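Trainee: Just to be clear, the model below is a prediction. Sequence and coordinates:
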Amino acid sequence: MQLKPAFISRLLLSVAALSILCVAVHAQGPVAPTPPTPPGDWFKDEAPQELALTLRLVFSLAALSLLPTALITMTSFMRIIIVLSFLRSALGTQQTPPNTVLVGLALFLTLFVMQPVWEQIDERAVKPYLAGSMQYSQAIEEGTKPLRTFMLKQTRDRDLLLFIRMGHLPKPRGPQDVPMRALLPGFAISELKSAFQLGFVIYIPFMVLDLVVASSLMSMGMMMLPPVTISLPLKILLFVMIDGWHLIARSLVLSFS
């Protein structure tokens, strides 16, 4: 009987795992058998506390898994990365700068824009909770207030009212009464609209340059020469001469003020 390499590798991994388990058990020493817990002990007073702690741990792990989504949808990251993508498309440089560079630049700009908000969250919620002077639920409530203020400032009233009406929610009497289920999608579509507006403004000068180059080549009868061959270095030269990255970063940061 011929053994396949895949079977041999799985067998070796199983033996290694079993050996490690035996060594760990032997290192712990003899363990006395634990008697089975009677059914009546399942409903002691400690059980609800342990269950609440377990559920809190599960919810915390779930919140950590959703942290990248929250970073994208609840901060300035969405607007910044979309504008940078529009800029690369307007330049026509294909994959230059690469996606890793754009995402890194967008992340650092997001950290710069959101720094005051995170400082308020740290002062109001994180430090008191770690010091033991605030409960978990109170820390969550206090920590969301600065973020809610930032999102409300960037959300258009029309977009916010759209989800309040579609969700048949009561009309909020103030900013503190706006539910998060309406604020989150309202903030997202407001950021998309702002990003597309900035992207359109960025596109205009490069589109004009493309039209000038194309019409010049047509007038000279050079129909076989692709216009992008001439317009691409001209657009890069124009972008460098006006210090484009400085202007883009400045415009993005000031758009949140």
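Mentor: Cool, the structure landed. Bear in mind the structure is a predicted one, so any value in this text is a computation, not a measurement.

Trainee: Please make it C-alpha for all contacts and neighbour counts, starting now.
Mentor: Fine.

Trainee: so where's the stretch 51-200 of the chain shaky on pLDDT?
Mentor: 51-53 (pLDDT under 70).

Trainee: where along it do the helices fall?
Mentor: 67-73, 77-91, 99-121, 127-131, 136-154, 157-166, 180-219 (DSSP state H, counting those that start in this stretch).

Trainee: Among those, show me which one is buried the most.
Mentor: helix 77-91 (a mean of 21; mean count of other C-alpha atoms under 10 Å).

Trainee: can you tell me which of the helices of the stretch 51-200 of the chain comes nearest to residue 232?
Mentor: Residue 232 lies closest, by C-alpha to C-alpha, to one member of the helices of the stretch 51-200 of the chain: helix 77-91, at 7.0 Å.

Trainee: how far does that closest one sit from the chain's center?
Mentor: 15 Å (C-alpha atoms, centre = their mean, to the nearest Å).

Trainee: That one to helix 180-219, inter-axis angle?
Mentor: Regarding helix 77-91 and helix 180-219, their directions subtend 10 degrees when assessed with axes from the mean of the first three to the mean of the last three C-alpha atoms, to 10 degrees.

Trainee: do you know how far the closest residue to residue 126 other than its chain neighbours is from residue 147?
Mentor: For residue 126, ignoring the flanking residues on the chain, the nearest one in space by C-alpha to C-alpha, 6 or more residues apart in numbering is residue 139 at 6.9 Å. Separation of residue 139 from residue 147 (C-alpha to C-alpha, to the nearest Å): 13 Å.

Trainee: Also residue 98?
Mentor: For residue 98, the distance to residue 147 - C-alpha to C-alpha - is 31 Å.

Trainee: To what extent is the nearest residue to residue 149 once chain neighbours are set aside buried, counted in neighbours?
Mentor: Closest residue in space to residue 149, ignoring its immediate chain neighbours: residue 175 at 7.9 Å, by C-alpha to C-alpha, 6+ apart. Look at residue 175: counted by other C-alpha atoms under 10 Å, it has 12 neighbours.

Trainee: Give me the distance between residue 174 and residue 152.
Mentor: The spacing between residue 174 and residue 152, counted by C-alpha to C-alpha, is 11 Å.

Trainee: Alpha carbons of stretch 198-214, in CSV - could you do that?
Mentor: This file holds the C-alpha atoms of stretch 198-214, laid out as CSV (Å, rounded to 0.1, in the frame of the first residue of the first chain):
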residue,chain,number,x,y,z
LEU,A,198,-14.3,67.4,-4.4
GLY,A,199,-13.5,64.8,-7.0
PHE,A,200,-15.4,66.7,-9.7
VAL,A,201,-13.5,69.9,-8.9
ILE,A,202,-10.2,68.0,-9.2
TYR,A,203,-11.2,66.5,-12.5
ILE,A,204,-11.9,69.8,-14.3
PRO,A,205,-8.4,71.1,-14.9
PHE,A,206,-7.1,67.7,-16.0
MET,A,207,-10.0,67.2,-18.3
VAL,A,208,-9.4,70.7,-19.9
LEU,A,209,-5.8,69.7,-20.4
ASP,A,210,-6.8,66.5,-22.1
LEU,A,211,-9.2,68.4,-24.4
VAL,A,212,-6.5,70.9,-25.3
VAL,A,213,-4.0,68.2,-26.2
ALA,A,214,-6.5,66.2,-28.2
